[in-house]
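Q: Build me a structure from this.
(chains A, B, C and D)
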2 protein chains.
Amino acid sequence: MPSHDPTAFPDEVHDHQACVTQLLDHAEQACAHQGARLTEQRRNVLKIVAGSHVPLGAYDILERLELPSRRKAPITVYRALDFLIEQGLVHRLVSLNAFIACFHAGLEHATQFLICRECRKVAELKSERVQEVIAQDASKAGFQVDHQTVEVSGICSSCV
Amino acid sequence: MPSHDPTAFPDEVHDHQACVTQLLDHAEQACAHQGARLTEQRRNVLKIVAGSHVPLGAYDILERLELPSRRKAPITVYRALDFLIEQGLVHRLVSLNAFIACFHAGLEHATQFLICRECRKVAELKSERVQEVIAQDASKAGFQVDHQTVEVSGICSSCV
DNA sequence: TCTGTTCACGTTATACTATAACACAAGATT
DNA sequence: AATCTTGTGTTATAGTATAACGTGAACAGA
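A: Purely as a prediction, here's the structure:
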């Protein structure tokens, strides 16, 4: 997995292509291990999402998916995204209607997203403490937590 | 403000009409106090949103806004919602693309939403602890929090 | 009171996000 | 090979949200 600290925002300069390659390799293995088929199309979508430092909308992905000719239908992208999300390789940001690759796939983790309003980059804050406190306080209200959506906007250290 | 415990899910039986009336009264005063104009249209949208125990989409609100004749344009609803959200009278749930009235408007509060996947009702968990833990852990990652979106789905005490 | 400005709303059009339904082909299973 | 499941293409449509422009009402200051 990538060499930069995964909880922090990526360095201005780092070999992102290497990150992408690593991620793709990991995805390949993880899918093989799970008996899931990482097809050409799915791989391409993952590559596009992983290649971007900022979350991409489905139609952004669609645009990058091919030469200006031969435009595919949006559902193609959504289908690939569904698969990738199921495999834990991509996350959906509901507050942005956008998608971002997960650079810590495989490690089961609580996830909260930190979204910089300046540079638009997103980091994953994998705080078990946040997850637990939410579950605890919800529980006090008699609520059993199934899934947490935590998306925090603000300003990252590079943009202060 | 309403008589039921605001952090819990509403009772099966409670005089919701009274809640709505109280909310409307409060809104009236709060807007007057702020020099904000709670027009007929905005009041109607608020009444509709407040009258529902489950979050409503903008187009749901639009449908209820008037007699089957004379359909207004969606932007009418969105404009009213923008105003109401700005006044803290309504919240938007990004994970549902839907809107819900705030029954504790006026009290400045951290808000996390508990969304029951069974009955679809939503409660506000006003946990300062959650807010603080998120801010703290984000801060450790060098991130200054501006706004938190916390939407938790699961099952409420009535639906267990 | 007049006048200029801001604000709320109507109207039309359009952008953006996501899924349904059905056909066919590729791969896996027997 | 026959069958079954899964992935993809294709077309159409549903669902969510905003842009742009015009009009009239409300308000502020001269």
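
Q: got the residues of chain A near DNA strand D?
A: With Cβ under 7 Å from any atom of the strand as the criterion, chain A meets DNA strand D at residues A:36-37, A:39-42, A:72-76, A:79-80, A:83. Yep, even glycine has a C-beta here, placed from its N, CA and C like the rest.

Q: Go through those and give me the one with the most neighbours.
A: Counting neighbours by other Cβ atoms under 10 Å in any protein chain shown, A:Ala80 comes out on top of the residues of chain A next to DNA strand D with 24 neighbours.

Q: Excluding residues flanking it in the chain, which one is nearest that one?
A: Sequence neighbours aside, A:Val45 is the residue nearest to A:Ala80 in space, at 4.0 Å (criterion: Cβ to Cβ, 6 or more residues apart in numbering or on different chains).

Q: where do the strands sit along chain A?
A: Using DSSP state E, the strands of chain A run over A:90-93, A:98-101, A:112-116, A:122-125, A:144-155.

Q: Tabulate those (CSV), appending mean pLDDT and mean neighbour count.
A: Formatted as CSV, these follow (pLDDT from 0 to 100; neighbours: other Cβ atoms under 10 Å in any protein chain shown):
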stretch, mean pLDDT, mean neighbour count
strand A:90-93, 98, 20
strand A:98-101, 97, 23
strand A:112-116, 97, 24
strand A:122-125, 95, 22
strand A:144-155, 97, 18
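
Q: Now tabulate those strands in CSV and tack on distance to chain B.
A: Output for the strands of chain A, formatted as CSV (distance: least, Cβ to the nearest Cβ, whole Å):
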stretch, distance to chain B
strand A:90-93, 9
strand A:98-101, 12
strand A:112-116, 5
strand A:122-125, 6
strand A:144-155, 4
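
Q: buried residues in the longest helix belonging to chain A?
A: Longest among the helix segments of chain A by residue count, using DSSP state H, is helix A:16-34. Within helix A:16-34, the residues that count as buried by 16 or more other Cβ atoms under 10 Å in any protein chain shown are A:His16, A:Cys19, A:Val20, A:Leu23, A:Leu24, A:His26, A:Ala27, A:Ala30, A:Cys31.

Q: In contact with the first one, which residues?
A: Just to be clear, that refers to A:His16. A:His16 makes contacts with A:Pro10, A:Gly51, A:His53, as judged by Cβ atoms under 8 Å, 6 or more residues apart in numbering or on different chains.

Q: before we move on, back to that, and the two most separated of the buried residues of helix A:16-34?
A: Between any two of the buried residues of helix A:16-34, the greatest separation by Cβ to Cβ is 22.1 Å, found for A:His16 and A:Cys31.

Q: Out of the residues of chain A next to DNA strand D, which one has the weakest pLDDT?
A: For these, the weakest pLDDT value sits at A:Lys72, with 87.

Q: thought that one was touching A:Leu62?
A: Yes - with contact defined as Cβ atoms under 8 Å, A:Lys72 and A:Leu62 form a contacting pair (6.6 Å).

Q: Distance-wise, check A:Leu62 relative to DNA strand D.
A: The gap separating A:Leu62 from DNA strand D is 11 Å, by Cβ to the nearest atom of the strand, to the nearest Å.

Q: I figured that residue hits A:Val77, correct?
A: Yes - counting by Cβ under 8 Å, A:Leu62 does reach A:Val77; the two are 5.0 Å apart.

Q: Need the residues touching each of these two.
A: Residues touching both A:Leu62 and A:Val77 (Cβ under 8 Å, 6+ apart): there are none.

Q: So for the two, which residue has more residues nearby?
A: Neighbours per residue, other Cβ under 10 Å: of A:Leu62 and A:Val77, the larger number sits with A:Val77, 26 against 20.

Q: so what's that one up against?
A: For A:Val77, the contact set (Cβ under 8 Å, 6+ apart) comprises A:Val45, A:Ala58, A:Tyr59, A:Ile61, A:Leu62, A:Leu65.

Q: what's the second one in contact with, if anything?
A: Contact analysis of A:Ala58 by Cβ under 8 Å, 6+ apart lists A:Pro74, A:Val77, A:Tyr78, A:Leu81, A:Phe99.

Q: picking that back up, now do the residue nearest to A:Ala80 against B:Arg92, distance only.
A: According to Cβ to Cβ, to the nearest Å, A:Val45 stands 29 Å off from B:Arg92.

Q: A:Gln17 now?
A: Separation of A:Gln17 from B:Arg92 (Cβ to Cβ): 38 Å.

Q: follow-up on the earlier one: can I get the strands of chain A in a markdown table including distance to B:Arg117?
A: Listed next are those as a markdown table, based on distance: least, Cβ to Cβ, whole Å:
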| stretch | distance to B:Arg117 |
| --- | --- |
| strand A:90-93 | 17 |
| strand A:98-101 | 23 |
| strand A:112-116 | 21 |
| strand A:122-125 | 24 |
| strand A:144-155 | 6 |
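
Q: Between those strands, which one is closest to B:Gln87.
A: In terms of Cβ to Cβ, the element of those nearest to B:Gln87 is strand A:144-155, at 20.8 Å.

Q: Who does the closest one pair with, and is each partner parallel or antiparallel?
A: If you go by DSSP bridges, strand A:144-155 pairs up with strand A:112-116 (parallel), strand B:144-155 (antiparallel).
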